[in-house]
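Student: Predicted model and sequence follow; I will ask about them next.
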Amino acid sequence: MVAAQTAVKETITVSQVVSENSKQTVVRGTFMIPDPKPDVDQIISIDKTASVKKTRLLPDKVVVEGTLTLQIVYVAFEKDQSVHHMHAQVPFTAYVDLPGALPDMDVRVDVFVEDVKLNPSSKDVRQFDVIAVLDVSAKVTETREVEVLTEVPDNMHASYDVIHIDDVVGRESAQVIVSEEFDEPDEKPEPKKVLDVDATAMVTDARIVADKVIIDGELTLQIMYVGAVPEQSVHNMHKTIKFTDFVEVPGADPEMDVVVDAVVEDCDVEIKGDPFFSASCVIRLDARVTEPREVRVVTECTGNTVETVELNVEHIIGEDSSQVVVRETFETPDPKPCPEKVLNVSIDEIKVTEKKIIKNKVITKGYVDVKIVYVSAKPDQAVHAMHQRLNFRTFVEIKGAVEGMDVVVKPVVEYINAEATMGCDVNIEAVIKVRVRVTETMRRSVCADVVKDEECPVGQVIDYTIKSGDRLFQLAQRYSTTVNRILAENPGINPNNLQVGQVIKIPCGAKG
């Protein structure tokens, strides 16, 4: 192997971590037992999840709006003590301090529900007060191009290390318009005037084709309006609009990773006639495509003046996947007719509800909401649809993973099938691939460039500007002098606290 005669540099595009922090937040709210559910005698279990609806990045802070969702199983306050299920949602707003954050940076927020308590309200036996403790963590990053040394000349002593990073292939945005006309729900009165619209967008799936990211999402509208009734009452209604669009990202490949954020920039809902509502919303889609990469970098080198750069990036601990097979038999819900033949099975939603790291392993739980279209076994052979939720649980081994690291879980349904059986039963089978990636923030000073030493004639004293990583012992070696001679020329300096940009005097010694 021929030794290198010149320094070799490489440019990497990284998501530099600007700030990260977490905060515990107490959420309080109320919910009513929905009609026609019976009163509660005893709560058996509470399944709790939290989802982020919107984030607003401000200077040094992120504001998080989200929803706490509770799935509650309880014993009814009735003679037969029957068991029932209901769900409730409580909105929340939290903030996390992030020193150095600016509005145009990227932010990732995770919310974990640590504890939930339900207490019967003193005002109404069908109302419950909710107190929940959430752990909200946030990380702010900024895409930067960084030059690093990967090899130095053979006359320099160097230390090397291999870092595992996500190299940013491309970051692009697109504005899309989502529009639809629709009526109010049957139980609601016709509208006369729209008072307020709250719009949020969520990405449900993102996949890469060559040079392009295809995005599926949902636009959720909460509309407050005046009813066209004599009492002019005010009503609320929800509407969810599904959309599919794309963002062009040159260089993107299906094997790469992608993260997409959706932000509603403008939304207008008008009353038209029939159908009564017409919505038109502008959504900004921000796509960031990355590729895992190993880079051999120079961490230390001596013999020349070296410029360093501080990397503060997500270091990939490991990534892997596992497959889980879910099989379930369920009865067609009342009042749906029994099925004779299943025509189609589709995925409504797939979601991770829990992810936990134990040593060298990631445990994950989630669900898949399935829509089944079938032919009725009745004489009219009518076509019907029903929904079913499949729960899954699995683990993925990641060597080096420990509690406290960051983990991203992406489940994908690779195969699904449903068949009608005897009576009103349906058999369903799904194969789910769960991909897991574990990372941690790595702070590392690496060499960025080699600069030729300043000329230092023997017997003279030069002015030298302190650079990152400089130490008096190394400077003494470089300029053929001693630490004591440098200290004699600079009375009062602290050799253990040299400041970048500080100018000191160095006496030049004889080379060799």
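Tutor: Good, I have the coordinates.

Student: Quick one: neighbours of T204, just the number.
Tutor: Applying other C-beta atoms under 10 Å, we find 17 residues neighbouring T204. C-beta coordinates here come from the backbone N, C-alpha and C atoms, glycine included.

Student: Kindly report the same for A138.
Tutor: 26.

Student: shift numbering so it begins at 291
Tutor: Understood, numbering begins at 291; the last thing we discussed is A428.

Student: In which helix or strand does it reside?
Tutor: In the assignment (DSSP states H and E), A428 maps to strand 417-441.

Student: starting at the chain centroid, how far to that strand?
Tutor: How far strand 417-441 lies from its chain's middle: 8 Å, per C-alpha atoms, centre = their mean, to the nearest Å.

Student: Show the model's pLDDT score for the residue nearest the centre of the chain.
Tutor: Centroid-nearest residue in the chain: R398, 5.0 Å away (criterion: C-alpha atoms, centre = their mean). Model confidence at R398, given as pLDDT, is 90.

Student: can you tell me which residues contact the closest residue to it other than its chain neighbours?
Tutor: Among residues not flanking R398 along the chain, K429 sits closest, at 5.1 Å (C-beta to C-beta, 6 or more residues apart in numbering). Listed by C-beta atoms under 8 Å, 6 or more residues apart in numbering, the contact set of K429 reads V307, S309, E310, V397, R398, D696, T731.

Student: For A340, state which of these is nearest.
Tutor: Using C-beta to C-beta, R398 comes nearest to A340 of the contacts of K429, at 14.9 Å.

Student: Same question for the helix or strand containing that closest one: list its buried residues.
Tutor: Applying DSSP H and E as the criterion places R398 in strand 396-410. Neighbour-count burial for strand 396-410 flags D396, V397, R398, V399, D400, V401, F402, V403, V406, L408 (criterion: 16 or more other C-beta atoms under 10 Å).

Student: Quick one: list the elements packing against that strand.
Tutor: Packing partners of strand 396-410 (3 or more C-beta pairs under 8 Å, 6 or more residues apart in numbering; DSSP states H and E): strand 330-348, strand 351-366, strand 417-441.

Student: what about the helices in this protein?
Tutor: Remark: helices assigned in the chain by DSSP state H are 762-768, 773-779.

Student: mind showing which ranges of the protein have poor pLDDT?
Tutor: Within the chain, the segments meeting pLDDT under 70 span 291-295, 592-595, 741-744, 758-759, 802.

Student: if you set the cut-off to 80 instead, what comes out?
Tutor: Low-confidence segments of the chain (pLDDT under 80): 291-296, 443-447, 563-565, 590-597, 739-745, 757-760, 764, 768, 801-802.

Student: Can you pull the domain assignment for it?
Tutor: 311-430, 461-580, 607-732, 747-797 (automatic domain parsing).

Student: could these be laid out in CSV, adding distance to V587?
Tutor: Shown next, in CSV, are those (distance: least, C-beta to C-beta, whole Å):
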stretch, distance to V587
domain 311-430, 22
domain 461-580, 18
domain 607-732, 11
domain 747-797, 14
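
Student: I'd like to know which of those lies nearest to E597.
Tutor: Using C-beta to C-beta, the nearest of the domains of the chain to E597 is domain 747-797, at 6.5 Å.

Student: Between the two ends of the closest one, what distance do you get?
Tutor: 9 Å (C-alpha to C-alpha, to the nearest Å).

Student: How about stretch 762-774?
Tutor: 9 Å.

Student: Give me the buried positions along that stretch.
Tutor: Neighbour counts over stretch 762-774 (16+ other C-beta under 10 Å) mark L762, Q764, L765, A766, R768, Y769, T771 as buried.

Student: Touching stretch 621-629 from outside, list them.
Tutor: Defining contact as C-beta under 8 Å, 6+ apart, one finds that stretch 621-629 is touched by 662, 664-668, 672, 674, 676, 710, 713-716.

Student: In CSV: these, plus distance to V554 and neighbour count.
Tutor: As requested, those are exported to CSV (distance: C-beta to C-beta, whole Å; neighbours: other C-beta atoms under 10 Å):
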residue, distance to V554, neighbour count
I662, 32, 22
Y664, 36, 25
V665, 40, 17
S666, 40, 17
A667, 44, 15
K668, 44, 11
A672, 39, 10
H674, 34, 16
M676, 32, 16
A710, 41, 19
G713, 46, 11
C714, 42, 16
D715, 43, 14
V716, 38, 22
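
Student: Isn't I504 up against R497?
Tutor: Yes. I504 is within contact range of R497, at 5.2 Å (criterion: C-beta atoms under 8 Å).

Student: rewinding a little: surely the residue nearest to the centre of the chain meets A391?
Tutor: No. Using C-beta under 8 Å, R398 and A391 do not qualify as a contacting pair, with a distance of 11.9 Å.

Student: residue farthest from the centroid of the chain?
Tutor: Max distance from the centre of the chain (C-alpha atoms, centre = their mean): G749, 60.0 Å.

Student: contacting residues for it?
Tutor: Contacts of G749 by C-beta under 8 Å, 6+ apart are C798.

Student: what about it, distance to A766?
Tutor: 16 Å (C-beta to C-beta, to the nearest Å).

Student: try V386
Tutor: 46 Å.

Student: List the contacts of A448.
Tutor: Counted by C-beta under 8 Å, 6+ apart, A448 has contacts V442, V588, E590, C591, T592, C737.

Student: Bridging across strands, which residues link to the third one?
Tutor: Beta-bridge pairing of E590 under DSSP bridges involves S449.

Student: What is the neighbour count of it?
Tutor: E590 is flanked by 16 other residues according to other C-beta under 10 Å.

Student: now do the fourth one
Tutor: C591 sits with 20 neighbouring residues when counted by other C-beta under 10 Å.

Student: And for the second one?
Tutor: Using other C-beta under 10 Å, the number of residues around V588 comes to 24.

Student: you'd agree it is up against L439?
Tutor: Yes. At 4.1 Å, V588 and L439 qualify as touching, with contact defined as C-beta under 8 Å.
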